[in-house]
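Enquirer: Quick one: sequence and predicted model below, then my questions.
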Amino acid sequence: MANNQIQTESKQELQSVNKTININNNESNTKLQPMKHILHPFTKRHIIKNISKDLIGQTIKIGGWTKTLRQSGEAFYFLELNDGSCVGNVQIIVDKSVPGFNESKKALAGSSFMVEGLVKESPAKGQDVEVHAIKVDMLGGSDEK
């Protein structure tokens, strides 16, 4: 993608974000409309603190660092990511058919990931939703020490 096209798309996305902000310069009281599901303008990803039941059925992209990775046999594993936007993590279910499965299943705590997946209601206690991975990219590993 050409650099000018990226700049144009980013400028259009930022203009779209700015249209949702209602600022009255004549008053000292500035009012902002909530921007709950606005994507980060450069990576087009959702931040973890905004992932909720409102997104069930949607495919999203999230990035973050591994908090835990739990193997469940050879068929799939559970990956918990945090992006620093909140204290909580989001659970990702990674099936062996997902591109990036073999490379990422050996990740240690602190490894960085970009994940694309489908948001589903979680059957587990303590979390409303989970993400079923469609694609997993391990961006960087971490040291064992």
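Expert: Happy to help now that I have it. Numbering: from 1, shown residues only.
Enquirer: ok, for residue 122, nearest residue in space, not its chain neighbours?
Expert: The shortest distance from residue 122 to any non-neighbouring residue, by Cβ to Cβ, 6 or more residues apart in numbering, is to residue 130 (4.3 Å). C-beta: built from backbone N, CA, C; applies to glycine.
Enquirer: how far away is that neighbour from residue 121?
Expert: 8 Å (Cβ to Cβ, to the nearest Å).
Enquirer: okay, the two: which has more neighbours?
Expert: Neighbour comparison, residue 130 and residue 121: the larger count goes to residue 130, with 20 against 11 (by other Cβ atoms under 10 Å).
Enquirer: what residues does the one helix or strand that one maps to touch?
Expert: Under the assignment given by DSSP states H and E, the secondary-structure element containing residue 130 is strand 129-140. Here strand 129-140 makes contact (Cβ atoms under 8 Å, 6 or more residues apart in numbering) with 51-53, 55-56, 59-60, 62-63, 79, 90-95, 98-101, 103-104, 107, 111-122, 124.
Enquirer: what's the following helix or strand after the longest strand that the chain contains?
Expert: In the chain, assigned by DSSP state E, the strand with the most residues is strand 59-72. Counting by DSSP H and E, the element after strand 59-72 in chain order, helix or strand, is strand 76-82.
Enquirer: tell me the mean pLDDT for that following strand?
Expert: Mean per-residue pLDDT for strand 76-82: 91.
Enquirer: From here on, call the first residue 31.
Expert: All right, first residue 31 from here; so that's strand 106-112.
Enquirer: Just the buried residues of whichever helix or strand comes after it, please?
Expert: Once the chain leaves strand 106-112, the next helix or strand it forms, by DSSP H and E, is strand 120-125. Buried residues in strand 120-125, counted by 16 or more other Cβ atoms under 10 Å: 120, 121, 122, 123, 124.
Enquirer: so the fourth one bridges to which residues?
Expert: For residue 123, the beta-bridge partners under DSSP bridges are residue 108, residue 162.
Enquirer: Now the longest strand of the chain: average pLDDT?
Expert: Averaged over strand 89-102, pLDDT sits at 90.
Enquirer: Tell me how the chain divides into domains.
Expert: If the domains of the chain are taken from automatic domain parsing, they occupy 31-65, 75-170, with pieces of a single domain joined by a plus sign.
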